[in-house]
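[1] Fold the following.
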Amino acid sequence: MTSLPAAPPQKKLGLVIDLDVCVGCHACVVSCKEWNTGGYGAALSDHQPYGADVSGAFLNRVHSFEVVPDGGEVLGEAGEARLVHFPKSCLHCDDAPCVTVCPTGASYKRTADGIVLVDEDKCIGCGLCAWACPYGARELDLAAGVMKKCTLCIDRIYNETIAEVDRVPSCVRTCPVNARHFGDLADPASDVSILVAERGGIDLMPEQGTRPVNKYLPPRARTPLAATMPLAEHSDGAKGFFAWLDGMLDRI
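    Purely as a prediction, here's the structure:
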């Protein structure tokens, strides 16, 4: 079996995902798929993309959940229902079970930056890492016969031939609402660490004991729209569109 680094990584590069602003547009999913399909890090393939039984490897997925705040009852009856979009990929855990279960050493955690990777030349596609990962972040590429996972776009973040602004994971660069942030979570002064401290960033499933590097910023409480809009006592003197609207409402 494979061992984790004896000393803590010098850096802990990872993602901070803001669940408060993610709109579930899947731009990160498409960007990740496109970059890794043609990129150097972990090229992805699809199985029978135009057939009846389509399957493919995706390193990032977005799940959507309808939730009710504490104290709410059945959805649609009471409480303020809310749709939360939950992006999920490899969390590059400090105690990564996918690494320690690997029989060939294909899965490993880098000592320089804490990124968990797969050496495809050593991978035999046994699937043990997928069984060990509590987050379902590993996917078997049927065409290649090896396991694939998020690499934090290692072929981008260290690539000095591209513009500095692009030296972040593809999903981060693509997000239209700035819900994804990238940086060194071992550095308390980094932007991502400050963001986690200010917003109360949390681990996904901490009870698993994997100590994930990636953090999530929980959704913030919503203020009901009605509470922010003063009610007009009367509509006397209304003009233009508002006068017409007032007249139409009076007919109802």
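
[2] now the one helix or strand L195 maps to, how far from the centre of its chain.
    Per DSSP states H and E: L195 is located in helix 191-199. A distance of 16 Å separates the centroid of the chain from that of helix 191-199, by CA atoms, centre = their mean, to the nearest Å.

[3] Show me what the helix or strand just after it is packed against.
    Counting by DSSP H and E, the next helix or strand C-terminal to helix 191-199 is strand 215-217. Under the contact definition 3 or more CB pairs under 8 Å, 6 or more residues apart in numbering; DSSP states H and E, strand 215-217 sits against strand 13-18, helix 191-199. Any C-beta I mention is one placed from the backbone N, CA and C, and that applies to glycine too.

[4] Could I get the phi/psi values of the closest residue to V29 other than its chain neighbours?
    Once flanking residues are discounted, V29 sits nearest to N60: 5.4 Å by CB to CB, 6 or more residues apart in numbering. Dihedral pair for N60: phi -140, psi 130, per degrees, to the nearest 10.

[5] pLDDT wise, what is N60 at?
    pLDDT recorded at N60 is 94.

[6] What count of nearby residues applies to it?
    Using other CB atoms under 10 Å, N60 has 23 other residues around it.

[7] Can you tell me how far it is from L152?
    Look at N60 and L152: by CB to CB, to the nearest Å, they are 11 Å apart.

[8] ok, now which ones touch W244?
    Contact analysis of W244 by CB atoms under 8 Å, 6 or more residues apart in numbering lists nothing.

[9] Show me which residues of the strand or helix carrying it are buried.
    In this structure, W244 sits in helix 240-251 according to DSSP H and E. Residues of helix 240-251 include none that count as buried (16 or more other CB atoms under 10 Å).

[10] mind starting the numbering at 41 from now?
    Sure, I'll start numbering at 41, so the last one becomes helix 280-291.

[11] and the helix holding L235, what other elements does it pack with?
    Partner elements for helix 231-239 (3+ CB pairs under 8 Å, 6+ apart): strand 53-58, strand 220-224, strand 255-257.

[12] Of these, which is nearest C65?
    Between C65 and the helices and strands packed on helix 231-239, the tightest spacing by CB to CB is seen for strand 220-224, at 11.7 Å.

[13] what does that closest one rub up against?
    Strand 220-224 has contacts (CB under 8 Å, 6+ apart) with 51-58, 68, 127, 192, 197, 208-209, 211-212, 230-233, 235.
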